[in-house]
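>>> Pasting the sequence and the predicted model now:
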Amino acid sequence: MNMEETRKLVGEQLFSDTDAKVFTVLDGTSIPDLLDKLYGLSPTFCCLYRGELEPDMAEVAPYLVQLEQGSEFTDWLLEEWGKHWGIFAISDADFRAMRRHFRSFLIVNDENGRPLRFRYYDPRVLRLYLPTCNAEELRIVFGSVINYLLEDEDSQTILRFHFASNSLSAEKISVRRD
């Protein structure tokens with residue numbers, strides 16, 4: 001399967017609910033020249049870290065982006081599917097609410113109460129973390145998120161996580177045309 005077909009199939013999954021908004025949290029550490037793409041292609045975005053950042057920190061920070069179907073930025077991002085660049089969230093909430101939601105998970109405390117950065121926006125982390133959560137933790141992590149979509153270990157598979165009735169469901173969706 002070529003990248004154009006993969007981009008199309010992933011896009012179909014992300015934008016299947018025409019009433020909901022599609023957001024992504026991208027990992028600046030993993031994406032070469034992310035800031036150039038954000039400023040050059042101008043999607044709605046913000047850094048999840050607060051305040052004025054030094055340039056080297058801005059390069060590796062996480063960014064929230066609202067995706068628009070068929071935009072140049074969205075097409076570019078989906079062409080790079082499978083490189084564990086970030087996670088996708090489907091929600092009815094507005095950008096400001098999603099920014100507040102995703103900022104709330106950046107720091108967690110270890111068993112000794114020491115603060116640690118939580119890289120939940122790496123799909124390799126989130127796909128392992130969500131199944132370990134209890135119902136209350138899932139309620140917090142999902143908030144107004146309807147579904148989380150991210151790549152599975154096999155990058156030709158999308159994982160769709162949904163939380164309802166105090167239960168997490170995970171669906172695997174192939175992006176291969178057989």
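Alright, I've got the coordinates.
>>> For the residue nearest the centre of the chain, pull up the helix or strand it's in.
The centroid of the chain falls nearest to Ile87 when counting by C-alpha atoms, centre = their mean (2.0 Å). Following DSSP states H and E, one finds Ile87 within strand 86-91.
>>> for that strand, what is the average pLDDT?
Mean per-residue pLDDT for strand 86-91: 98.
>>> Which parts of this structure are helices?
Along the chain, counting by DSSP state H, helices occupy 3-14, 34-41, 55-60, 72-79, 95-103, 123-129, 135-142.
>>> residue furthest from the geometric center of this protein?
Distance-from-mean max, the chain, by C-alpha atoms, centre = their mean: Asn112 at 28.7 Å.
>>> who's in contact with Ser144?
Ser144 makes contact with 91-93, 97-98, 101, according to C-beta atoms under 8 Å, 6 or more residues apart in numbering. For the C-beta atoms, the positions are set from N, CA and C on the backbone; glycine is no exception.
>>> Which residue, other than its chain neighbours, is closest to the residue nearest to the centre of the chain?
Among residues not flanking Ile87 along the chain, Leu150 sits closest, at 4.7 Å (C-beta to C-beta, 6 or more residues apart in numbering).
>>> Neighbours of Ala135, how many?
Ala135: 12 surrounding residues under other C-beta atoms under 10 Å.
>>> ok, now how distant is the spatially closest residue to it that is not a sequence neighbour from Asp122?
The shortest distance from Ala135 to any non-neighbouring residue, by C-beta to C-beta, 6+ apart, is to Asn166 (4.2 Å). Per C-beta to C-beta, to the nearest Å, Asn166 is found 26 Å from Asp122.
>>> if you count what's nearby, which of the two comes out ahead?
Counted by other C-beta under 10 Å, Asn166 and Asp122 do not tie: Asp122 has more neighbours, with 21 against 10.
>>> circling back to that earlier point, show me what the strand holding Ile87 is packed up against.
When contacts are defined as 3 or more C-beta pairs under 8 Å, 6 or more residues apart in numbering; DSSP states H and E, strand 86-91 sits against strand 21-27, helix 123-129, strand 145-151.
>>> Quick check: can you name the pairing partners of that strand and their directions?
Paired neighbours of strand 86-91 in the sheet (DSSP bridges): strand 21-27 (antiparallel), strand 145-151 (antiparallel).
>>> I'd like the helices and strands packed on strand 86-91 as JSON lines, with distance to Met3, mean neighbour count and mean pLDDT appended.
As requested, those are exported to JSON lines (distance: least, C-beta to C-beta, whole Å; neighbours: other C-beta atoms under 10 Å; pLDDT from 0 to 100):
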{"stretch": "strand 21-27", "distance to Met3": "18", "mean neighbour count": "22", "mean pLDDT": "97"}
{"stretch": "helix 123-129", "distance to Met3": "18", "mean neighbour count": "17", "mean pLDDT": "96"}
{"stretch": "strand 145-151", "distance to Met3": "14", "mean neighbour count": "22", "mean pLDDT": "96"}
